[in-house]
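Asker: I'd like to go over a predicted model; first the sequence, then the structure.
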Amino acid sequence: MDVMPLLLLVAGSAAIAAAGRRTPVPPPLLLVAAGLVVSYLPGVPDYALDPHIVLPLILPPLLYTAAVESSYLDLRAQLRPVTLLSVGYVLFATLAVGWFVHVLVPALPLTAALVFGAVVAPPDAVAATAVARRVGLPSRITTILQGESLFNDATAITAFRVAVAASVGEGVSWAGGVGEFLLAAIGGTVVGLVLMVPLHWLRTHLKESLLQNTLSLLIPFVAYAVAEQVEASGVIAVVVVALYLGHRAWEVDFATRLQEEAVWKMVAFVLESAVFALIGLQLPVVMRGLGEHEGIASAWYAVVVFVVVVVVRFMWVYPAIWLPWLLSARVRGRERRPGWKGPFVISWAGMRGVVSLAIAFSIPVTAEGEDFPHRYLLLFLTFTTVIGTLVVQGLTLPPLIRLLKLPGRDQQADTLAEANAQAQASRVAEERLDELLADERNALPEPLADRLRGVMERRRNAVWERLGQVNPVTGESVDDTYRRLSREMISAERDMFVRLRDGRYIDDEMLRTLLRRLDLEEAAAFRESE
């Protein structure tokens, strides 16, 4: 097995993504563009997207990282719009886009067109999260988009399976399709609920952070595989487990949390970068199989289908957000008038991604050749739709948000809430410290006791000081200056330790011990400054 193409893919996509962080263009778009260009360079091998790799091996960790970083409480508060989008919209888009493509391409049977509708129906979790991080969407809109993208893949994959079965003549009825959907949704939820408690118990009872993080890396694959084994939705199982573990992450020890955050950031960065590059690299594979459909007609189909996919989302989002508010007095009493700007952004933020391509590539073929109607035309339309939404919507979303002047998070209010929370926590900690010091078994010299109190006081005051700037020259707060000077001192200590090692006064083992101690102190200072 030649691993060089894989190494080049990972290294190249990571380098482009890193460079993209220094440009105003979102890294996903640079990666897709680079993949398109590189795909036609001489000597570049074909990177065929294998659904048997993407769905069970790439999708679970990406969903897991997105779900762990989501808020269970926020998602529960937005349960209605998330459900209407992740289930209702996907089914509506499957039917609406499928019917329109059937009309646009009369030679394409309606069942095959519905397969395509299911393929392009779900906005992608990777694309939504990547863009939402860059554009600073209001928290409610971000929650809705992330919640939709976490669960809609399950709806789309189930709808796809039902449509494929109907298209190849397996005699699936509407009742059978609904039953399969309920089995996938309820089964995935049950599997997630069954696994989440023992997995969390295991995480909290393993004594080494290395073992805990090894388990963390296995969790999304285990949840997905178990659910798929019983013909339930692996997507939903992964999301349920991840939401639970993220909600109770505070019960895991600090070393595991710090290490886990670093590990999963690296995993997400590598996978997201490779995924977007893979999208661009699919062009030669798709074009090579287009055959009789190649030409002006296929380009025209691609433009029209892209417009239809965008319009269909608007057709669903506005009624889905406005009708509950208009028809329910309870909703009107609990929520503000929706307005038109928020639904517009939600409609425009429906970027498609690698999941749509992976599902499309799983459209069945046989050893004798193509047995699905116009398979490569559907692959081509999926590819152009994914590229179109990523480029057109991804590039225009940030300026659109600025143009609409949507209010982002209130930084002043967030800082004030953080300061109040820290003040209450510090008060409880001080009371606990006084209680402990009153016991003669916990006797400490006064300087050390004052040091403990000083740490709490600095942590409490640091948040309040962010509400205003203290130093008129640098604009820093007192606490910011304290941390900066502390890190300069640590840097000086580190340099001295290295000189002592180089002079053979200490060995490398002692150097590593001393450097780790300094690293922990610097990490603590850095974490407090975030």
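Answerer: Perfect, I can see it now.
Asker: tell me which residues in the one helix or strand residue 495 maps to are buried?
Answerer: According to DSSP states H and E, residue 495 maps onto helix 478-502. If you call a residue buried by 16 or more other C-beta atoms under 10 Å, then helix 478-502 has these buried ones: 479, 480, 482, 483, 487, 490, 494, 497, 501. From N, CA and C alone the C-beta is placed, and that goes for glycine too.
Asker: Out of the residues you listed, show me where the pLDDT dips lowest.
Answerer: Among the buried residues of helix 478-502, residue 479 carries the weakest pLDDT, at 66.
Asker: returning to that earlier point: does anything pack onto the helix holding residue 495? Which helices or strands?
Answerer: Counting contacts by 3 or more C-beta pairs under 8 Å, 6 or more residues apart in numbering; DSSP states H and E, helix 478-502 packs against helix 446-465, helix 508-529.
Asker: From the contact counts, what lies against the helix or strand hosting residue 273?
Answerer: Assigned by DSSP H and E, residue 273 falls within helix 254-281. For helix 254-281, the packing partners by 3+ C-beta pairs under 8 Å, 6+ apart come out as helix 4-20, helix 27-38, helix 59-68, helix 125-135, helix 209-229, helix 354-361, helix 375-388.
Asker: starting at the chain centroid, how far to the very next helix or strand once past it?
Answerer: Once the chain leaves helix 254-281, the next helix or strand it forms, by DSSP H and E, is helix 283-288. Using C-alpha atoms, centre = their mean, to the nearest Å, the distance from the centre of helix 283-288 to the centre of the chain it belongs to is 28 Å.
Asker: Out of the helices and strands packed on helix 254-281, point me to the one whose mean pLDDT is lowest.
Answerer: The weakest mean pLDDT among these belongs to helix 125-135, with a mean of 62.
Asker: For this protein, which element, helix or strand, carries the lowest mean pLDDT?
Answerer: Ranking every helix and strand in the chain by mean pLDDT, DSSP states H and E puts helix 125-135 at the bottom, with a mean of 62.
Asker: Show me which of the buried residues of helix 478-502 is closest to residue 249.
Answerer: Nearest to residue 249 among the buried residues of helix 478-502: residue 483, at 25.1 Å, using C-beta to C-beta.
Asker: low-scoring stretches of the protein, by residue?
Answerer: Flagging of the chain using pLDDT under 70 yields the residue ranges 1-2, 125-136, 169-177, 289-295, 365-371, 408-415, 418, 462-479, 525-530.
Asker: quick one: the spatially most central residue of it from residue 346, how far?
Answerer: Geometric centre of the chain, nearest residue: residue 66, 3.3 Å, by C-alpha atoms, centre = their mean. Here residue 66 is placed at a distance of 17 Å from residue 346 (C-beta to C-beta, to the nearest Å).
Asker: Can you give me the end-to-end span of stretch 66-86?
Answerer: Stretch 66-86 has an end-to-end distance of 15 Å (C-alpha to C-alpha, to the nearest Å).
Asker: how about that stretch: buried residues?
Answerer: Across stretch 66-86, burial judged by 16+ other C-beta under 10 Å covers 66-71, 74-75, 78, 81-82, 84-86.
Asker: Export the residues you listed to JSON lines and append columns for secondary structure.
Answerer: Shown next, in JSON lines, are the buried residues of stretch 66-86 (DSSP: H, G, I helix; E, B strand; the rest coil):
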{"residue": "66", "secondary structure": "helix"}
{"residue": "67", "secondary structure": "helix"}
{"residue": "68", "secondary structure": "helix"}
{"residue": "69", "secondary structure": "coil"}
{"residue": "70", "secondary structure": "coil"}
{"residue": "71", "secondary structure": "coil"}
{"residue": "74", "secondary structure": "helix"}
{"residue": "75", "secondary structure": "helix"}
{"residue": "78", "secondary structure": "coil"}
{"residue": "81", "secondary structure": "helix"}
{"residue": "82", "secondary structure": "helix"}
{"residue": "84", "secondary structure": "helix"}
{"residue": "85", "secondary structure": "helix"}
{"residue": "86", "secondary structure": "helix"}
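Asker: Need the residues you listed in TSV (columns: distance to residue 257).
Answerer: Formatted as TSV, these follow (distance: C-beta to C-beta, whole Å):
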residue	distance to residue 257
66	18
67	16
68	11
69	13
70	17
71	17
74	20
75	21
78	26
81	31
82	27
84	34
85	31
86	29
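Asker: Just name the most buried of the helices and strands packed on helix 254-281.
Answerer: For the helices and strands packed on helix 254-281, average neighbour numbers computed from mean count of other C-beta atoms under 10 Å are highest in helix 354-361, which has a mean of 26.
Asker: any idea of the angle that one forms with helix 375-388?
Answerer: Here the directions of helix 354-361 and helix 375-388 differ by 170 degrees (axes from the mean of the first three to the mean of the last three C-alpha atoms, to 10 degrees).
Asker: contact partners of helix 354-361?
Answerer: With contacts defined as C-beta atoms under 8 Å, 6 or more residues apart in numbering, helix 354-361 is touched by 48-51, 54-55, 58-59, 116, 118-120, 122, 124-126, 153, 156-157, 160, 275-276, 278-279, 282, 378-379, 382-383, 385-386.
Asker: mind listing what's buried in the helix or strand where residue 424 lies?
Answerer: Using DSSP H and E, residue 424 falls within helix 411-437. Residues of helix 411-437 classed as buried under the neighbour-count rule (16+ other C-beta under 10 Å) are 419, 422, 426, 429, 433.
Asker: How is residue 372 assigned, secondary-structure-wise?
Answerer: coil.
Asker: Excluding chain neighbours, what is closest to it?
Answerer: Nearest residue to residue 372 in three dimensions, chain neighbours excluded: residue 363, at 5.2 Å (C-beta to C-beta, 6 or more residues apart in numbering).
Asker: quick one: secondary structure of that neighbour?
Answerer: Classified using three-state DSSP, residue 363 is coil.
Asker: how many neighbours does it have?
Answerer: By other C-beta atoms under 10 Å, 24 other residues sit near residue 363.
Asker: isn't it right next to residue 373, touching?
Answerer: No - contact criterion C-beta atoms under 8 Å: residue 363 and residue 373 do not qualify, at 9.8 Å.
Asker: So for residue 230, what's the nearest residue that isn't a sequence neighbour?
Answerer: residue 187 (6.1 Å).
Asker: in terms of contact, does residue 138 touch residue 404 like I think?
Answerer: No - with contact defined as C-beta under 8 Å, residue 138 does not count as touching residue 404 (10.6 Å).
Asker: Between the two, which has more neighbouring residues?
Answerer: Legend: neighbour count by other C-beta under 10 Å for residue 138 and residue 404, higher for residue 138 (17 against 14).
Asker: how near is that one to residue 158?
Answerer: 31 Å.
Asker: Format the CA atom coordinates belonging to stretch 11-18 as CSV.
Answerer: Extracted in CSV, the C-alpha atoms of stretch 11-18 (Å, rounded to 0.1, in the frame of the first residue of the first chain):
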residue,chain,number,x,y,z
ALA,A,11,0.7,17.6,5.1
GLY,A,12,-0.5,19.7,2.2
SER,A,13,-4.0,20.4,3.5
ALA,A,14,-2.6,21.2,7.0
ALA,A,15,-0.1,23.7,5.5
ILE,A,16,-2.8,25.4,3.4
ALA,A,17,-5.2,25.5,6.4
ALA,A,18,-2.4,27.1,8.5
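Asker: Distance from the chain centre to that stretch, please.
Answerer: Distance of stretch 11-18 from its chain centroid, counting by C-alpha atoms, centre = their mean, is 18 Å.
Asker: Cool, thanks, talk later.
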